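> fold the stuff below for me.
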Amino acid sequence: MTRRILITNDDGIKSEGLLRLVKEAAEFGEVWIVAPESERSAASHSITLRHEIDIFPVEYPVESKYGVHAYSCSGTPGDCVRLGCTTIVPDKPTVVLCGINFGYNVASDIQYSATCGSAFEAEFQGVPAIAFSEGAGKCHEVSDRYLHEILEKLIDTEFIPGKIYNVNFPFCPVSECKGVLYDRGVSRGMVYKDGYKEVEKLDNGGARYMVDGVFTPEAEDGTDYRAVLDNYVSVGTVMNVGNI
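Sure, this is the predicted structure:
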């Protein structure tokens, strides 16, 4: 039976990371893209409850012998997966892929990530899910080298209730990448230690603030963040809520 692969992201339907993921996934089965019409980074697992959600078919620049179907969505990445699993993909997806996100989703950042949030929604829907992210920048050598290999290994994985797979590619030339580390745990650290800086005084005693993060390259051995800091591809599972 042909795989039905639902793909979303949080960087928007026109993002380069989505395009690269779709190109690889199209070799493995029929692709159904439901992605936000614009960027929805840090939306976590939020969904739309009190407003309509608009879906539009779009032309997508990838061809496949299995077929590629693409839709833009006015909602969140979580909405994209809910609609895809319940309404758009016939007979439910075989697997959900999320990404490739522009920036790591490791350590404490996972709880804010809409890439991982959409993968968690797939798990809620009873569908295996894999989230893909890479260090922010224009060098995609590592993901280009290892994406197909990791997809081949994980795409037919058995559904694990309560868990998603989370893959992160280090931001380095492929010549400096040391390979792939599987079974990585989630670091309790943070990529950026956030504070807030005041950027403007407002009327009536108000103030306007902007997040002000400080890069924090510290992580425990055996974790996702430690792996990418050491120039390894990190592959691990992350627990969703409600798992016993």
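
> below-threshold pLDDT in the chain: ranges please.
For the chain, applying pLDDT under 70 flags the ranges 242-244.

> how about the strands in it?
Under the criterion DSSP state E, the chain contains strands at 4-8, 30-36, 55-57, 68-73, 95-102, 129-134, 163-169, 180-181, 192-201, 207-215, 233-239.

> would you give the sheet partners of the fifth one, along with the direction of each?
Here strand 95-102 has these sheet partners by DSSP bridges: strand 4-8 (parallel), strand 129-134 (parallel).

> need the longest helix for this structure.
If you go by DSSP state H, the chain has its longest helix at helix 141-154.

> how about residue 137: what's its closest non-neighbour residue?
Spatial nearest neighbour of residue 137, chain neighbours left out: residue 171 (5.1 Å); criterion: CB to CB, 6 or more residues apart in numbering. In this view, the C-beta of every residue, glycine as well, is placed from N, C-alpha and C.

> quick check on that neighbour: phi, psi?
phi -90, psi 90 (degrees, to the nearest 10).

> contacting residues for it?
Counting by CB atoms under 8 Å, 6 or more residues apart in numbering, residue 171 makes contact with 134-137, 139, 142, 228.

> same thing with residue 35?
Residues in contact with residue 35 (CB under 8 Å, 6+ apart) are 7-9, 12-13, 15, 18, 70-73, 77, 80.

> and for residue 216, the neighbour number?
By other CB atoms under 10 Å, 14 other residues sit near residue 216.

> grab the nearest non-local neighbour of the residue positioned nearest the centre of the chain.
Centroid-nearest residue in the chain: residue 115, 3.0 Å away (criterion: CA atoms, centre = their mean). Among residues not flanking residue 115 along the chain, residue 101 sits closest, at 4.2 Å (CB to CB, 6+ apart).

> next one: that neighbour from residue 223, what distance?
18 Å (CB to CB, to the nearest Å).

> more neighbours: which of those two?
Taking neighbours as other CB under 10 Å, residue 101 and residue 223 compare with residue 101 leading, 26 against 21.

> for residue 162, grab the count of nearby residues.
15.

> quick one: it and residue 123 touch, right?
Yes: taking contacts as CB atoms under 8 Å, residue 162 lies within contact range of residue 123: 6.9 Å.

> joint contacts of these two?
residue 240.

> ok, the closest residue to residue 209 other than its chain neighbours - contacts?
The shortest distance from residue 209 to any non-neighbouring residue, by CB to CB, 6+ apart, is to residue 196 (4.3 Å). For residue 196, the contact set (CB under 8 Å, 6+ apart) comprises 209-212.

> for the residue sitting furthest away from the middle of the chain, give me its contacts.
In the chain, the residue that sits farthest from the middle, by CA atoms, centre = their mean, is residue 204; the gap is 41.0 Å. Residues counted as contacts of residue 204 (CB under 8 Å, 6+ apart): none.
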